[in-house]
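>>> have a look; sequence and predicted model below, questions after that.
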Amino acid sequence: MQRRAVVATGTSTGIDESTAALLIQKGFHVFGGVRREADGERLRGRLGDGFTSFILDVTNEDAIARGATEVEQMLDGATLAGLVNNAGIAAGGPLAHLSLDASRKIMGVNLFGAVAVTQAFLPLLGCDRALSGKPQARAVVVRHRCDCRRSRLRRHADLGQGPQGRCHTLPGHRICARAVALHGICAGCRAQGRSAGTHRAYHHKALTAPSPKARYAPVKGKFMNWTLPGLLPKRFVDRKIGRALGMLD
(Lines give C-alpha, C1' and ligand atoms only; values in the text may rest on other atoms or scores of the structure.)
Protein backbone atom coordinates (compact mmCIF):
# COMPACT_ATOMS: atom_id res chain seq x y z
CA MET A 1 0.00 0.00 0.00
CA GLN A 2 1.56 3.28 -1.15
CA ARG A 3 -0.41 5.66 1.10
CA ARG A 4 0.15 5.77 4.84
CA ALA A 5 -2.62 3.81 6.49
CA VAL A 6 -4.50 4.44 9.73
CA VAL A 7 -7.27 2.59 11.52
CA ALA A 8 -10.08 4.72 12.94
CA THR A 9 -12.96 3.40 15.03
CA GLY A 10 -16.43 4.91 15.22
CA THR A 11 -16.38 6.36 11.70
CA SER A 12 -20.07 5.75 10.93
CA THR A 13 -21.35 9.27 11.64
CA GLY A 14 -20.67 12.84 12.67
CA ILE A 15 -17.30 14.16 13.74
CA ASP A 16 -15.62 10.78 13.38
CA GLU A 17 -16.79 10.47 9.77
CA SER A 18 -15.46 13.97 9.15
CA THR A 19 -12.10 12.95 10.63
CA ALA A 20 -11.85 10.08 8.15
CA ALA A 21 -12.59 12.47 5.29
CA LEU A 22 -9.83 14.88 6.33
CA LEU A 23 -7.23 12.13 6.80
CA ILE A 24 -7.99 10.83 3.30
CA GLN A 25 -7.68 14.37 1.95
CA LYS A 26 -4.28 14.65 3.66
CA GLY A 27 -2.98 11.51 1.97
CA PHE A 28 -3.87 8.71 4.38
CA HIS A 29 -5.74 5.53 3.60
CA VAL A 30 -8.33 5.04 6.33
CA PHE A 31 -9.51 1.66 7.52
CA GLY A 32 -12.75 2.68 9.21
CA GLY A 33 -14.52 0.58 11.81
CA VAL A 34 -18.31 0.66 11.38
CA ARG A 35 -21.13 -1.17 13.13
CA ARG A 36 -23.23 -1.89 10.01
CA GLU A 37 -22.36 -2.88 6.46
CA ALA A 38 -24.76 -0.24 5.14
CA ASP A 39 -22.67 2.46 6.83
CA GLY A 40 -19.54 1.09 5.19
CA GLU A 41 -21.12 1.15 1.73
CA ARG A 42 -22.33 4.72 2.22
CA LEU A 43 -18.91 5.90 3.37
CA ARG A 44 -17.11 4.16 0.52
CA GLY A 45 -19.44 5.92 -1.90
CA ARG A 46 -18.73 9.29 -0.29
CA LEU A 47 -15.03 8.99 0.52
CA GLY A 48 -13.83 6.94 -2.44
CA ASP A 49 -10.89 4.58 -2.77
CA GLY A 50 -9.10 6.10 0.21
CA PHE A 51 -11.56 4.49 2.60
CA THR A 52 -11.95 0.82 3.43
CA SER A 53 -14.57 -0.21 5.96
CA PHE A 54 -14.63 -3.20 8.25
CA ILE A 55 -17.23 -4.30 10.78
CA LEU A 56 -16.16 -3.46 14.32
CA ASP A 57 -17.87 -3.63 17.70
CA VAL A 58 -15.34 -2.39 20.27
CA THR A 59 -17.13 -4.32 23.05
CA ASN A 60 -16.77 -7.65 21.23
CA GLU A 61 -13.31 -9.22 21.40
CA ASP A 62 -14.02 -11.66 18.56
CA ALA A 63 -15.16 -8.81 16.30
CA ILE A 64 -12.04 -6.80 17.17
CA ALA A 65 -9.80 -9.79 16.37
CA ARG A 66 -11.56 -10.35 13.05
CA GLY A 67 -11.17 -6.66 12.19
CA ALA A 68 -7.45 -6.71 12.98
CA THR A 69 -7.00 -9.80 10.81
CA GLU A 70 -8.87 -8.17 7.91
CA VAL A 71 -6.73 -5.04 8.11
CA GLU A 72 -3.52 -7.07 8.34
CA GLN A 73 -4.42 -8.98 5.19
CA MET A 74 -5.17 -5.77 3.31
CA LEU A 75 -1.89 -4.20 4.46
CA ASP A 76 -0.03 -7.17 2.95
CA GLY A 77 2.98 -7.03 5.24
CA ALA A 78 3.07 -3.26 5.82
CA THR A 79 2.45 -1.46 9.13
CA LEU A 80 -0.04 1.19 10.16
CA ALA A 81 0.89 4.84 10.56
CA GLY A 82 -1.59 5.26 13.39
CA LEU A 83 -4.67 4.16 15.30
CA VAL A 84 -7.45 6.62 16.16
CA ASN A 85 -9.73 5.36 18.93
CA ASN A 86 -12.81 7.41 18.08
CA ALA A 87 -15.58 5.09 19.20
CA GLY A 88 -17.39 6.39 22.27
CA ILE A 89 -20.78 6.94 23.84
CA ALA A 90 -22.19 9.27 26.49
CA ALA A 91 -25.16 9.41 28.83
CA GLY A 92 -26.43 12.60 30.43
CA GLY A 93 -27.88 13.10 33.86
CA PRO A 94 -26.85 13.21 37.52
CA LEU A 95 -24.73 10.34 38.80
CA ALA A 96 -27.39 9.49 41.38
CA HIS A 97 -29.83 8.67 38.57
CA LEU A 98 -27.43 6.90 36.22
CA SER A 99 -27.98 3.15 36.37
CA LEU A 100 -25.05 0.79 36.89
CA ASP A 101 -25.90 -0.90 33.60
CA ALA A 102 -25.56 2.43 31.80
CA SER A 103 -22.26 3.12 33.58
CA ARG A 104 -20.89 -0.30 32.66
CA LYS A 105 -21.91 0.21 29.04
CA ILE A 106 -20.14 3.58 28.89
CA MET A 107 -16.95 2.18 30.43
CA GLY A 108 -17.14 -0.88 28.20
CA VAL A 109 -17.06 1.27 25.07
CA ASN A 110 -15.03 4.33 26.10
CA LEU A 111 -12.37 2.67 28.25
CA PHE A 112 -12.16 -1.10 27.80
CA GLY A 113 -13.08 -0.83 24.12
CA ALA A 114 -10.12 1.47 23.47
CA VAL A 115 -7.80 -0.86 25.42
CA ALA A 116 -9.00 -3.93 23.53
CA VAL A 117 -8.66 -2.27 20.11
CA THR A 118 -5.18 -0.94 20.93
CA GLN A 119 -4.01 -4.38 22.07
CA ALA A 120 -5.37 -6.03 18.93
CA PHE A 121 -3.67 -3.58 16.56
CA LEU A 122 -0.32 -3.25 18.36
CA PRO A 123 1.41 -5.75 16.03
CA LEU A 124 0.36 -3.65 13.03
CA LEU A 125 1.59 -0.47 14.75
CA GLY A 126 5.16 -1.75 14.57
CA CYS A 127 5.48 -4.24 17.42
CA ASP A 128 5.72 -7.18 15.05
CA ARG A 129 9.24 -7.08 13.62
CA ALA A 130 8.22 -9.43 10.81
CA LEU A 131 6.26 -6.59 9.21
CA SER A 132 7.80 -3.84 7.12
CA GLY A 133 7.74 -0.25 8.26
CA LYS A 134 9.21 1.76 11.12
CA PRO A 135 7.75 1.22 14.63
CA GLN A 136 6.84 4.88 15.10
CA ALA A 137 3.07 4.84 14.72
CA ARG A 138 0.78 6.74 17.10
CA ALA A 139 -2.31 5.75 18.98
CA VAL A 140 -4.75 8.62 19.40
CA VAL A 141 -7.13 8.07 22.29
CA VAL A 142 -10.29 10.17 22.33
CA ARG A 143 -12.76 11.03 25.13
CA HIS A 144 -10.86 9.77 28.17
CA ARG A 145 -7.54 10.16 29.92
CA CYS A 146 -4.70 7.91 28.83
CA ASP A 147 -1.65 8.91 30.90
CA CYS A 148 -1.27 5.37 32.20
CA ARG A 149 -1.58 3.87 28.73
CA ARG A 150 0.81 6.40 27.22
CA SER A 151 3.47 5.62 29.80
CA ARG A 152 3.23 1.95 28.88
CA LEU A 153 3.87 2.72 25.22
CA ARG A 154 6.84 4.95 25.89
CA ARG A 155 10.23 4.64 24.30
CA HIS A 156 12.06 1.42 25.25
CA ALA A 157 8.90 0.08 26.93
CA ASP A 158 9.27 -3.59 27.75
CA LEU A 159 6.15 -5.01 26.14
CA GLY A 160 7.42 -8.56 26.08
CA GLN A 161 4.94 -10.98 24.52
CA GLY A 162 1.62 -9.25 23.90
CA PRO A 163 -1.86 -10.72 23.72
CA GLN A 164 -1.15 -12.12 20.26
CA GLY A 165 2.44 -13.10 21.06
CA ARG A 166 3.76 -10.63 18.48
CA CYS A 167 4.90 -7.60 20.52
CA HIS A 168 8.58 -7.30 21.29
CA THR A 169 11.02 -4.81 22.77
CA LEU A 170 12.84 -2.85 20.08
CA PRO A 171 15.99 -1.38 21.67
CA GLY A 172 17.07 1.90 20.15
CA HIS A 173 13.71 2.69 18.56
CA ARG A 174 10.46 4.32 19.56
CA ILE A 175 8.43 1.28 20.30
CA CYS A 176 5.16 0.94 18.43
CA ALA A 177 2.60 3.59 19.36
CA ARG A 178 3.15 6.94 21.00
CA ALA A 179 -0.21 7.55 22.64
CA VAL A 180 -1.75 10.99 22.37
CA ALA A 181 -4.91 12.00 24.20
CA LEU A 182 -7.44 14.31 22.63
CA HIS A 183 -8.95 14.95 26.04
CA GLY A 184 -12.43 16.35 26.23
CA ILE A 185 -12.72 17.00 22.52
CA CYS A 186 -16.16 15.42 22.17
CA ALA A 187 -17.71 17.32 25.04
CA GLY A 188 -15.66 20.46 24.42
CA CYS A 189 -16.49 20.81 20.72
CA ARG A 190 -20.18 20.12 21.11
CA ALA A 191 -20.79 22.09 24.30
CA GLN A 192 -18.93 25.12 22.97
CA GLY A 193 -20.15 24.85 19.39
CA ARG A 194 -16.77 23.77 18.05
CA SER A 195 -17.02 22.45 14.52
CA ALA A 196 -16.19 19.01 13.22
CA GLY A 197 -13.34 20.74 11.39
CA THR A 198 -11.74 21.70 14.71
CA HIS A 199 -12.03 18.17 16.01
CA ARG A 200 -10.60 16.47 12.94
CA ALA A 201 -7.79 19.00 12.60
CA TYR A 202 -6.48 17.97 16.01
CA HIS A 203 -6.66 14.32 14.99
CA HIS A 204 -4.48 15.09 11.98
CA LYS A 205 -2.06 17.15 14.06
CA ALA A 206 -1.71 14.36 16.64
CA LEU A 207 -0.88 11.88 13.88
CA THR A 208 1.57 14.02 11.91
CA ALA A 209 3.29 16.54 14.23
CA PRO A 210 7.04 15.80 14.58
CA SER A 211 6.74 16.11 18.35
CA PRO A 212 3.07 15.67 19.28
CA LYS A 213 1.78 16.87 22.61
CA ALA A 214 0.71 14.29 25.16
CA ARG A 215 -2.78 15.83 25.18
CA TYR A 216 -4.75 18.25 23.04
CA ALA A 217 -7.75 20.20 24.30
CA PRO A 218 -9.43 22.32 21.60
CA VAL A 219 -11.59 24.50 23.81
CA LYS A 220 -12.53 28.17 23.52
CA GLY A 221 -10.69 30.47 25.90
CA LYS A 222 -8.09 27.80 26.55
CA PHE A 223 -6.38 29.58 29.44
CA MET A 224 -9.59 30.24 31.40
CA ASN A 225 -11.38 27.02 30.47
CA TRP A 226 -8.50 24.54 30.46
CA THR A 227 -5.15 25.75 31.80
CA LEU A 228 -6.32 27.73 34.84
CA PRO A 229 -8.84 25.11 36.11
CA GLY A 230 -6.03 22.57 36.05
CA LEU A 231 -3.91 24.74 38.33
CA LEU A 232 -6.60 25.73 40.84
CA PRO A 233 -7.83 23.55 43.75
CA LYS A 234 -10.43 21.06 42.50
CA ARG A 235 -13.05 22.00 45.11
CA PHE A 236 -12.74 25.65 44.16
CA VAL A 237 -13.30 24.80 40.49
CA ASP A 238 -16.26 22.59 41.40
CA ARG A 239 -17.91 25.47 43.27
CA LYS A 240 -17.35 27.87 40.39
CA ILE A 241 -18.89 25.42 37.91
CA GLY A 242 -21.79 24.70 40.25
CA ARG A 243 -22.59 28.40 40.62
CA ALA A 244 -22.28 29.00 36.90
CA LEU A 245 -24.77 26.21 36.24
CA GLY A 246 -27.17 27.48 38.91
CA MET A 247 -26.69 24.37 41.04
CA LEU A 248 -25.24 26.26 44.03
CA ASP A 249 -26.21 29.50 45.74
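Nice, thanks for sending it over. Every value quoted in this text rests on a predicted model; they were computed, and no experiment measured them.

>>> okay, now residue 61: neighbour count?
Look at residue 61: counted by other C-beta atoms under 10 Å, it has 14 neighbours. C-beta: built from backbone N, CA, C; applies to glycine.

>>> if I look at the closest residue to it other than its chain neighbours, how far off is residue 200?
Nearest residue to residue 61 in three dimensions, chain neighbours excluded: residue 116, at 6.1 Å (C-beta to C-beta, 6 or more residues apart in numbering). From residue 116 across to residue 200, the span is 24 Å (C-beta to C-beta, to the nearest Å).

>>> can you give me the helices in this protein?
14-25, 37-47, 61-75, 100-107, 113-121, 147-151, 185-191, 196-208, 222, 228-231, 234-244 (DSSP state H).

>>> picking that back up, who has more neighbours, residue 116 and residue 200?
Using other C-beta under 10 Å as the criterion, residue 116 and residue 200 rank with residue 200 on top: 24 against 20.

>>> show me the contacts for the more buried one.
Shown in contact with residue 200 (C-beta atoms under 8 Å, 6 or more residues apart in numbering): 15, 18-19, 21-23.

>>> let me see the domain layout of this protein.
Annotated domains of the chain cover 4-218, 221-249 [automatic domain parsing].

>>> end to end on the shortest one, go ahead and measure it.
One end of domain 221-249 to the other measures 25 Å (C-alpha to C-alpha, to the nearest Å).

>>> the bottom helix or strand of the protein by mean pLDDT?
helix 185-191 (a mean of 38; mean pLDDT, DSSP states H and E).

>>> tell me who's in contact with the closest residue to residue 24 other than its chain neighbours.
Leaving out its chain neighbours, the residue that sits closest to residue 24 by C-beta to C-beta, 6+ apart is residue 50, at 3.7 Å. By C-beta under 8 Å, 6+ apart, the residues touching residue 50 are 3, 24, 28-30.

>>> okay then, goodbye and thanks.
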